[in-house]
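>>> Predicted structure and sequence below. I'll ask about it afterward.
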Amino acid sequence: MTYAKGADGVGDVHHRIPRQPASDLDSASAAAPRAVHGAGPGAELTAVLAGARRRAVRDGDRQIDTAHLLHSLLEADPEVRAACDDDGPRLARLFGYLVQRSIGYGLRWQGTVEDSGALPVVTVADGYSPLAAAALEHAGDRAARRGLDRPRGLDLLAGLTADPEARAVEVLSRAGIDHHQLVQRLESVQGG
């Protein structure tokens, strides 16, 4: 069999959705510490934020959204994984939905800003969707109420689930994780 162009016969293939350069999200690295109260996010959440940024760049998204943050948080924090699923199968399904975001149902999110309209627009965290920025603020507030300088993973998870219109909540629901039960579990684990 002979192909006209390239070794695979496909030739020049262009992505349907243009990739965003990493520089478009560079401000996200600088803005996140301002969005999280106190002394900044700390090493644990800094790694989560960096992972979410890499995902957004790789997926060609304009902003880091709550699903990017959820994916990175689940990979990094065993307490968050345990809070989301105590028996295992839902966690595997959750990772499956998050992984297929760039090839499956999540394609409808590309080119749109995650904003439920329920919260005032947060502008201090450039590079983050309004709901992701609000989740970071919520995490910082939650940690401060408990007398901590820096939020932990469960604080961020509480922030990601604070707005039922967040993409993170949609992904959790698709995986069979009840949003209301998760919020109650988080409130009881660390005193909300």
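Yep, it's here. Nothing here was measured: the structure is a model prediction, and the numbers come from that model. Numbering: from 1, shown residues only.

>>> and G42, how many neighbours?
G42 has 18 neighbours, counted by other C-beta atoms under 10 Å. Where C-beta positions appear, they are placed from N, C-alpha and C, glycine not excepted.

>>> May I see the buried residues of stretch 50-70?
Buried residues in stretch 50-70, counted by 16 or more other C-beta atoms under 10 Å: 51-53, 55-57, 59-61, 63-70.

>>> how about stretch 77-85 as CSV, C-alpha atoms only?
Backbone C-alpha positions of stretch 77-85 (Å, rounded to 0.1, in the frame of the first residue of the first chain) are rendered in CSV as follows:
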residue,chain,number,x,y,z
ASP,A,77,-3.6,14.1,47.7
PRO,A,78,-4.6,10.7,49.2
GLU,A,79,-6.9,12.4,51.7
VAL,A,80,-8.9,14.0,48.8
ARG,A,81,-9.1,10.6,47.0
ALA,A,82,-10.4,9.0,50.2
ALA,A,83,-13.0,11.8,50.7
CYS,A,84,-14.2,11.3,47.1
ASP,A,85,-14.5,7.6,47.2
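
>>> which residues touch it?
44, 48, 73-74, 90-91, 94, 152-154, 156-157, 172, 177, 182, 185-186, 189 (C-beta atoms under 8 Å, 6 or more residues apart in numbering).
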